[in-house]
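K.L.:
everything below, folded, please.
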Amino acid sequence: MTGFGIFWPMVAHVALVFALYALLSTRRASLIRTGKIDASLFRENRDEPGESLIVRNSIANQFELPVLFHLCCVLLYLTEADNLLSLGLAWLFRGAPLCSCLHPRHQQSASLSPAAVHGGFPCARRDVDMAFRLDGDELR
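P.N.:
Prediction:
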């Protein structure tokens, strides 16, 4: 059992989401300041320029698979099934793909799909490990 260590990857993800919101705010503000777009278009979510659309899509991605990540981390902690393997997998899920950090910087998200796929493997492995621990068996 790692104690509260399983929560640090979750904190890192929350910090990443806040950083993405800050990046979205600065990009939208600069687009409005330069006159490239009217602020009312952001309220209606139509015809958003690529600079801010990429960041907005990245934020939307943070509420898909990472939600299961948070659920799994909390369940591991509550069932006292967190160990160094699950902690390592949690950090690998959070750190290895870097999809969230790379995605806003690049226009072509197709080049990031292998990183997104590899990010799902640690999460799936951790889910399987948790399922075996809840069943009373131990995955070796």
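K.L.:
count of neighbours near C72?
P.N.:
22 (other CB atoms under 10 Å). Glycine gets a C-beta too; all of them are placed from N, C-alpha and C.
K.L.:
look up how far G88 lies from it.
P.N.:
14 Å (CB to CB, to the nearest Å).
K.L.:
report the buried residues of the longest helix belonging to the chain.
P.N.:
Across the chain, the longest stretch assigned as helix under DSSP state H is helix 8-34. Across helix 8-34, burial judged by 16 or more other CB atoms under 10 Å covers 9-10, 13, 16, 20, 23-24, 27-28, 31.
K.L.:
also stretch 85-99?
P.N.:
Under the neighbour-count criterion of 16+ other CB under 10 Å, stretch 85-99 has 86-87, 89-94, 97, 99 buried.
K.L.:
redo those as TSV? Include pLDDT, distance to N57 and secondary structure.
P.N.:
Shown next, in TSV, are the buried residues of stretch 85-99 (pLDDT from 0 to 100; distance: CB to CB, whole Å; DSSP: H, G, I helix; E, B strand; the rest coil):
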residue	pLDDT	distance to N57	secondary structure
S86	87	30	helix
L87	88	30	helix
L89	87	26	helix
A90	88	24	helix
W91	88	25	helix
L92	86	24	helix
F93	85	20	helix
R94	82	19	helix
P97	53	16	coil
C99	50	11	helix
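K.L.:
so what's E51 up against?
P.N.:
With contact set as CB atoms under 8 Å, 6 or more residues apart in numbering, E51 has these partners: 27, 31.
K.L.:
please report how far it lies from V14.
P.N.:
24 Å.
K.L.:
kindly list the main-chain dihedrals of P49?
P.N.:
Main-chain dihedrals, P49, degrees, to the nearest 10: phi -60, psi 160.
K.L.:
and it, what's its pLDDT?
P.N.:
Looking at P49, its pLDDT reads 85.
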